[in-house]
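A.B. asks: give me a model of this one.
(one chain, ligands or ions: 1)
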Amino acid sequence: MNIIFRQEHPDDYEQTEHMIKAAFKNTPVRSGSEHKMVRKLRNESTFNPKYSRVALKNNEVIGHVIVSKVHIINGPKKTPILNVGLVSVSPHEQRQGVGKRLINHVLSIARNEGNEAVIVLGHPSYYPQLGFKRASNWGITLPFEAPDEAFFALELVPSSLKETEGIVEYSPALFG
Ligand SMILES: CC(C)(COP(=O)(O)OP(=O)(O)OC[C@H]1O[C@@H](n2cnc3c(N)ncnc32)[C@H](O)[C@@H]1OP(=O)(O)O)[C@@H](O)C(=O)NCCC(=O)NCCS
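C.D. replies: Here you go, the predicted structure:
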C-alpha cells in the first residue's frame with residue numbers, strides 16, 4: 001500500500017489530532033494532551049506550515065510529525081535550531097517504518113529550507129537509527145533533568161554544530 005507524505009493542511013487537523021491521541025494512548029509517559037501541544041505549536045508566530053507533515057494511507061492520516069524553532073543559549077549568543085516533535089504513528093501502523101520515513105521526510109524539508117541542525121528528546125534506541133547522536137557530544141544541554149541518552153542532535157549540514165554549545169530554550173508550547 002502506498003503511503004503519501006505531505007504538508008499537513010488545516011482540513012487534516014481534526015484527523016491528525018484524533019490519531020495523535022490514539023498513538024499516545026498506550027505509551028508509559030503521556031500527558032493525554034499531546035494533541036494540544038501540536039495545536040499550540042501550529043499557533044506559534046514562528047510556525048512554518050511546511051514543518052507539519054502527515055503520512056496518509058488510503059486518504060487516512062496514519063502519521064504526523066512537527067518540527068519547530070527553538071534556540072540554544074550561550075551567554076549573549078542565541079542560535080536558532082529546529083526541534084523534532086511530537087512524532088506519532090497510528091497504533092495499528094507502528095513498527096513498520098512509517099515513523100522513520102516521516103522523520104526523514106521532515107528532515108529533508110528542513111534541510112531544503114536552509115536549516116543546519118535539529119535536536120530531539122526521545123526514545124534512546126530510536127533516534128540513533130536515524131543518524132542522531134547524543135547532544136552532549138556538542139555540549140548542548142537541556143534546561144531540565146532528563147537522561148543524557150534520550151537527548152539527541154543531528155547535523156543537517158556537516159560540522160554545523162561545532163560552535164553551538166549551550167542550553168536549549170524551548171518555546172512555551174513545548175515545555176512552558
Ligand atoms: C515512536 C513512534 C513515532 C515510532 O514510529 P514507528 O513507525 O512505530 O517506528 P518505525 O517503524 O519507524 O521504527 C521501529 C523502531 O522504532 C523503535 N520504537 C518504536 N516504538 C517504540 C517504543 N514505543 N519504544 C521504544 N522504541 C520504539 C524500535 O527501535 C523499533 O524497532 P523494532 O520494531 O525493530 O523494535 C511510534 O511508535 C509512536 O507513535 N509511538 C507512540 C507515540 C510516541 O511515543 N511518540 C514519540 C515521542 S514524541
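
A.B. asks: sec struct for Ile103, please.
C.D. replies: Secondary structure, DSSP: H, G, I helix; E, B strand; the rest coil: Ile103 is helix.

A.B. asks: oh, that last question was meant for His71, not what I typed.
C.D. replies: strand.

A.B. asks: show me what contacts it?
C.D. replies: Taking Cβ atoms under 8 Å, 6 or more residues apart in numbering as the criterion, His71 is in contact with Lys78, Thr79, Pro80, Ile81, Val168, Glu169. Where C-beta positions appear, they are placed from N, C-alpha and C, glycine not excepted.

A.B. asks: could I get the full set of strands for this protein?
C.D. replies: 4-7, 52-57, 60-74, 77-89, 117-121, 133-134, 140-141, 151-155, 166-169 (DSSP state E).

A.B. asks: nearest to the ligand, of these?
C.D. replies: Minimum separation from the ligand across the strands of the chain (Cβ to the nearest ligand atom) falls at strand 77-89, 4.0 Å.

A.B. asks: so who does whichever residue of the chain sits closest to the ligand touch?
C.D. replies: Relative to the ligand, the nearest point of the chain is Gly99 (2.2 Å; Cβ to the nearest ligand atom). Contact analysis of Gly99 by Cβ under 8 Å, 6+ apart lists Gly63, Val87, Val89, Tyr126.
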